[in-house]
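Peer 1: Provide a 3D model corresponding to the input given below.
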Amino acid sequence: MTELLWKIAGGYVYDPLNGVDGQVQDIWIQGGKIVSPPDDPHVHPATTLNAAGLVVMPGGIDMHCHIAGPKVNAARKMRPEDKRGAKNVITRTDHTHSGTLGSVPSTFANGYKYIGLGYTTAFDAAVPPLMARHAHEEFEDTPCIDKGFYVLAGNNHFVMRAIQERQPDQLKGFLAWLLGAAKAYALKLVNPGGVEVWKCHARGNVHSVDEPVDHFGVTAREIIRETAIAADALKLPHSIHLHCNNLGLPGNWQTTLESMRALEGHRGHMTHIQFHSYGGGDGDETTFNSKVVPLADYVNSHPNVSLDVGQVMFGETTSMTGDGPLGYYLHNVYGTKWFSSDTEMESGCGIAPIKYRNKSLIHAWQWAIGLEWYLLIQDPWRVVMSTDSPNGASFLAYPQIIRLLMDRTYRRDVLKEVHPTIGESSVLRDLDREYSLNEIAIITRAGPAKLLGLKHKGHLGPGADADVTIYTPHENKELMFQLPRYVIKSGRVLVEDGDLRETLDGKTLFVAPDYDAEMETLISDWFEQYYSVRFRNYPVADDYLHDAERVACGP
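Peer 2: Numbers count the residues shown, from 1 in each chain. Below you'll find the predicted structure:
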């Protein structure tokens, strides 16, 4: 049966990957893909969506969030108070499931809220490979969007042993096998080496990129460098995804700078960079300050480095991370409840509630530091919008962040409402830059797609997935981006004027690089010696995934 050919007519199109900056164009769709306009003038679309006067962009891509897996599920159970009240309940309808919101929404709610916001793809940023099945099962219950996850590798015993023994081929082979076994999309390093020290010693951690990890003798610098080399050798579509050591600690900017240098020219994506950009120290809160300027200078002059921001917004949320010692630190600072978990030879996690207050000096600095990053990075293709959802705020805060970036008057008004030290000391007060709609399309769509190596996403050219978001222009950009006029996923109109008309099952995106088959013998022997599961039960089989797409590695 021939798929219907239809078009979106006459909208102002923002498609940065194809050099389209607000020109009036038609978008033709067939079989869930964008197609070229028909050559035959007698061919007419089966239906036409009139987008005259509206803004047309590719579907949004959230390349760093936390929506599935064991830590997310633990946070849901840990925080029942976060889900109480009518505003946090999604009622079942004829074509949707019920769900709950709060800072850690349920699986179905995540899908409905992302698509309602105009986002059609999202990646969970930290899943232990041993728990990959859990994440994939939650993905099956997350409708409407395509999704994938990054597999934790920065504290993996096999990884550290291969680096210690100077076995780069073993490291590369293991990482290739691990990605395919977990059906993951990219490699994630969280506090490399530090989580392992935490698991071995109460309140332990590494405090610099050159402090050796107990029992292995390797350093964070070596873990970063060697995994970055392996990722490039494997030609992974996305670089290593790096959560630096010393997250959230005053003075950590020097650790961040050294982590960037540790890449030694190889690709690296610095994630939730806001949490890694702090000056100050010595236990004196008043010394806390921003070090975005020197860090941004480094990023601006080193094209191998990209980043997402991890913007803090004021309000209550939940901190969740693969960084076990960080959860304990936040628990001590804020006196909240706390959850920690270790995953065998692989990783850990920490969870704690948090509330960001605009009159708190530290929290106000965090808010300002995130905005400084957006405004000081010269190349919008290497800075991506994120709140590290839910760590800095929910992804539902994206429209407000867009307004802060596009409207300097509004930004300055909010700056007046935060702790007065920020208005006096942050470079934010002197930054006049306002993002254009084209730049917003880059940091929320085209840029993430390019950094992730997703050639069929983030643009509206022929061959792209027909994931399209259409907005009604408005002077208040928060209102404009909060309620899309239409959201189209895989060529189907799912959302119209805020109403979810229908749902579909999105795809799971993963990579499976080639590796020497003899590696499996080595890995199997190691598993049988150390793991609590049998080697044959560890990998996620192809047929375990409901609907999946293997993304090719290579140039």
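Peer 1: centroid-nearest residue for the protein?
Peer 2: Residue closest to the mean C-alpha point of the chain, counted by C-alpha atoms, centre = their mean, is residue 64 at 0.5 Å.
Peer 1: any idea how far the helix or strand hosting it is from the chain center?
Peer 2: Taking DSSP states H and E as the criterion, residue 64 maps to strand 60-65. On the basis of C-alpha atoms, centre = their mean, to the nearest Å, strand 60-65 sits 5 Å off its chain's mean C-alpha point.
Peer 1: residues in contact with the residue nearest to residue 282 when sequence neighbours are not counted?
Peer 2: Excluding the flanking residues, the one nearest residue 282 by C-beta to C-beta, 6 or more residues apart in numbering is residue 250, at 8.0 Å. Every residue, glycine included, has its C-beta placed from N, CA and C. With contacts defined as C-beta atoms under 8 Å, 6 or more residues apart in numbering, residue 250 is in contact with 278, 279, 280, 281, 282, 287, 288.
Peer 1: quick one: buried ones out of these?
Peer 2: With burial judged by 16 or more other C-beta atoms under 10 Å, the buried subset of the contacts of residue 250 is 278, 279, 280, 288.
Peer 1: which one of those is nearest to residue 327?
Peer 2: Of all these, residue 327 sits closest to residue 278, with 18.1 Å by C-beta to C-beta.
Peer 1: ok, what's across the strand from that closest one?
Peer 2: residue 290 (DSSP bridges).
Peer 1: how close does it get to residue 86?
Peer 2: Distance of residue 278 to residue 86, computed by C-beta to C-beta, to the nearest Å: 38 Å.
Peer 1: just to revisit the earlier point, ok, and what's touching the strand holding residue 64?
Peer 2: Taking contacts as C-beta under 8 Å, 6+ apart, the residues outside strand 60-65 that touch it are 114, 117-125, 241, 271-272, 308, 310, 384, 386-389, 395, 398, 444-445, 448-449, 451-452, 454, 457-458, 469.
Peer 1: kindly export stretch 191-207 (C-alpha atoms) in PDB.
Peer 2: Provided in PDB are the C-alpha atoms of stretch 191-207 (Å, rounded to 0.1, in the frame of the first residue of the first chain):
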ATOM      1  CA  ASN A 191      33.100  11.000  38.300                       C
ATOM      2  CA  PRO A 192      35.600   8.700  36.700                       C
ATOM      3  CA  GLY A 193      37.300   6.600  39.400                       C
ATOM      4  CA  GLY A 194      35.600   8.500  42.200                       C
ATOM      5  CA  VAL A 195      32.500   6.300  42.300                       C
ATOM      6  CA  GLU A 196      34.700   3.300  42.700                       C
ATOM      7  CA  VAL A 197      36.600   4.900  45.600                       C
ATOM      8  CA  TRP A 198      33.200   5.800  47.200                       C
ATOM      9  CA  LYS A 199      32.100   2.100  46.900                       C
ATOM     10  CA  CYS A 200      35.300   1.000  48.700                       C
ATOM     11  CA  HIS A 201      35.500   3.600  51.400                       C
ATOM     12  CA  ALA A 202      32.800   5.300  53.400                       C
ATOM     13  CA  ARG A 203      32.700   9.000  52.300                       C
ATOM     14  CA  GLY A 204      35.500   8.300  49.800                       C
ATOM     15  CA  ASN A 205      36.100  10.000  46.500                       C
ATOM     16  CA  VAL A 206      38.900  11.200  44.200                       C
ATOM     17  CA  HIS A 207      39.700  14.900  44.500                       C
END
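Peer 1: quick one: contacts of it?
Peer 2: So stretch 191-207 is contacted by 154-155, 157, 160, 211, 213-216, 218-220, 223-224, 242-247, 322-326, 328, 342, 347-348 (C-beta under 8 Å, 6+ apart).
Peer 1: avg pLDDT for it?
Peer 2: Averaged across stretch 191-207, the pLDDT comes to 88.
Peer 1: same question, stretch 75-85
Peer 2: Per-residue pLDDT over stretch 75-85 has a mean of 89.
Peer 1: equivalent analysis for stretch 471-491, please.
Peer 2: Stretch 471-491 shows a mean pLDDT of 98.
Peer 1: so where's the protein uncertain?
Peer 2: Under the criterion pLDDT under 70, the flagged ranges of the chain are 1-2, 202-203.
Peer 1: quick revisit: the buried ones among the contacts of residue 250 into TSV, with extra columns for distance to residue 105?
Peer 2: Formatted as TSV, those follow (distance: C-beta to C-beta, whole Å):
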residue	distance to residue 105
278	29
279	35
280	34
288	31
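Peer 1: among the residues you listed, which two are most distant?
Peer 2: 279 and 288 (7.2 Å).
Peer 1: confirm residue 368 sits in a helix?
Peer 2: Yes: secondary structure of residue 368, determined by DSSP: H, G, I helix; E, B strand; the rest coil: located in a helix.
Peer 1: give me the neighbour count for it.
Peer 2: Using other C-beta atoms under 10 Å, residue 368 has 27 neighbouring residues.
Peer 1: if I read this right, residue 239 contacts residue 306, doesn't it?
Peer 2: Yes: between residue 239 and residue 306 a contact is recorded at 7.3 Å, counting by C-beta atoms under 8 Å.
Peer 1: which of the two has more neighbours?
Peer 2: Using other C-beta under 10 Å as the criterion, residue 239 and residue 306 rank with residue 306 on top: 27 against 24.
Peer 1: residues touching that one, list them.
Peer 2: Counting by C-beta under 8 Å, 6+ apart, residue 306 has contacts 239, 267, 268, 269, 270, 382, 383, 384, 451.
Peer 1: one more pass at 7 Å, please.
Peer 2: Going by C-beta atoms under 7 Å, 6 or more residues apart in numbering, residue 306 touches 269, 382, 451.
Peer 1: residue 57: which of those residues is nearest?
Peer 2: When the contacts of residue 306 are compared for distance to residue 57 (C-beta to C-beta), residue 451 comes out closest, at 17.4 Å.
Peer 1: tell me the helix or strand right after the strand or helix carrying the closest one.
Peer 2: With secondary structure defined by DSSP H and E, residue 451 is part of helix 447-452. Downstream of helix 447-452, the next assigned helix or strand under DSSP H and E is strand 468-471.
Peer 1: what pairs with that following strand, and is each one parallel or antiparallel?
Peer 2: strand 55-58 (antiparallel), strand 486-489 (antiparallel).
Peer 1: most tightly surrounded among the ones you listed?
Peer 2: Of all the strands paired with strand 468-471, strand 55-58 has the most neighbours on average by mean count of other C-beta atoms under 10 Å, namely a mean of 28.
Peer 1: ok, which stretches of the stretch 151-300 of the chain are helices?
Peer 2: Here the stretch 151-300 of the chain has its helices, by DSSP state H, counting those that start in this stretch, at 157-164, 168-182, 194-200, 220-233, 253-262, 292-300.
Peer 1: what packs against the fifth one?
Peer 2: The one in question is helix 253-262. For helix 253-262, the packing partners by 3 or more C-beta pairs under 7 Å, 6 or more residues apart in numbering; DSSP states H and E come out as helix 220-233, helix 292-300.
Peer 1: so what touches it?
Peer 2: Here helix 253-262 has contacts from 208-209, 221, 224-225, 242, 244-246, 270, 276-279, 291, 295, 298, 302, 305, using C-beta under 7 Å, 6+ apart.
Peer 1: make a ChimeraX selection of whichever of the residues you listed turn out to be buried.
Peer 2: Buried subset of those, written as a ChimeraX selection, criterion 16+ other C-beta under 10 Å:
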select :209,221,224,225,242,244,245,246,270,276,277,278,279,291,295,305
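Peer 1: what's the span of stretch 56-67, first residue to last?
Peer 2: By C-alpha to C-alpha, to the nearest Å, the extent of stretch 56-67 from end to end equals 27 Å.
Peer 1: with stretch 160-178 instead?
Peer 2: 14 Å.
Peer 1: I'd assumed residue 353 was in contact with residue 327.
Peer 2: No: Residue 327 is not in contact with residue 353 according to C-beta atoms under 7 Å; the separation is 10.7 Å.
Peer 1: which one of those two is surrounded by more residues?
Peer 2: More crowded of residue 327 and residue 353, by other C-beta under 10 Å: residue 327, with 25 against 20.
Peer 1: check contacts around the more buried one.
Peer 2: Shown in contact with residue 327 (C-beta under 7 Å, 6+ apart): 319, 321, 338, 339, 340, 350, 351, 352.
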